[in-house]
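1. prediction below, plus the sequence it came from.
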Amino acid sequence: MKKKLGIVVVVSMVLLFGVGICFAEMPSADPAAIWTYISKTSPYHQWQNWPDHQGIQKGHSPHGMLHQVFVNQAGLSSAKPPAAYGTMIVKDNFNKKKELKAITAMVKVKGYNPAAGDWFWVKYSPTGKVDKAGKPQGCIGCHAARERNDFILLHEFK
């Protein structure tokens, strides 16, 4: 009995500690922290694509002629809108020669901007220099067309 209780306590502590580390690593609405997260902590090219939006796809302005979208596990685990807090969607934006021109990201941050689904938007150069960040009206205006899909354009929740 004592041995089983000891195992339960140890397993519980490991799970709580692991969950704490997972949440501690998630960046807030800070472009520098997000860049560090997607480029070093959890490189976004190791994430998956939406099941209904695989590989490089045709795009349009302002994201470029071609794009590829990567989604973290929180986003992939979201079965219906709204997406889970902590969802990160990163898009590589290419020209017609498949040269990377920009990296854009949406990060779901609780309480950040309820009027726009609590999404934080950021646009980086390929080297990580911030071009736009926060609540850009261009991003919000375009994505608002899909408000019922939690402002997500390139994936259809079932």
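-> Looks like it came in fine.

2. for whichever strand in the chain runs longest, packing partners?
-> Longest strand in the chain by number of residues, with DSSP state E as the criterion: strand 100-108. Judged by 3 or more CB pairs under 8 Å, 6 or more residues apart in numbering; DSSP states H and E, strand 100-108 is in contact with strand 88-94, strand 119-124. In this view, the C-beta of every residue, glycine as well, is placed from N, C-alpha and C.

3. redo those as JSON lines? Include distance to Thr104, mean pLDDT and mean neighbour count.
-> JSON lines is the format used below for the helices and strands packed on strand 100-108 (distance: least, CB to CB, whole Å; pLDDT from 0 to 100; neighbours: other CB atoms under 10 Å):
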{"stretch": "strand 88-94", "distance to Thr104": "5", "mean pLDDT": "98", "mean neighbour count": "23"}
{"stretch": "strand 119-124", "distance to Thr104": "5", "mean pLDDT": "98", "mean neighbour count": "23"}
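
4. closest to Phe157 out of those?
-> Of all these, it is strand 88-94 that lies closest to Phe157, at 13.0 Å by CB to CB.

5. and that closest one, which strands flank it?
-> According to DSSP bridges, strand 88-94 forms sheet pairs with strand 66-71 (antiparallel), strand 100-108 (antiparallel).

6. how about these in JSON lines, adding mean neighbour count?
-> Compiled in JSON lines, the strands paired with strand 88-94 are given as follows (neighbours: other CB atoms under 10 Å):
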{"stretch": "strand 66-71", "mean neighbour count": "22"}
{"stretch": "strand 100-108", "mean neighbour count": "21"}
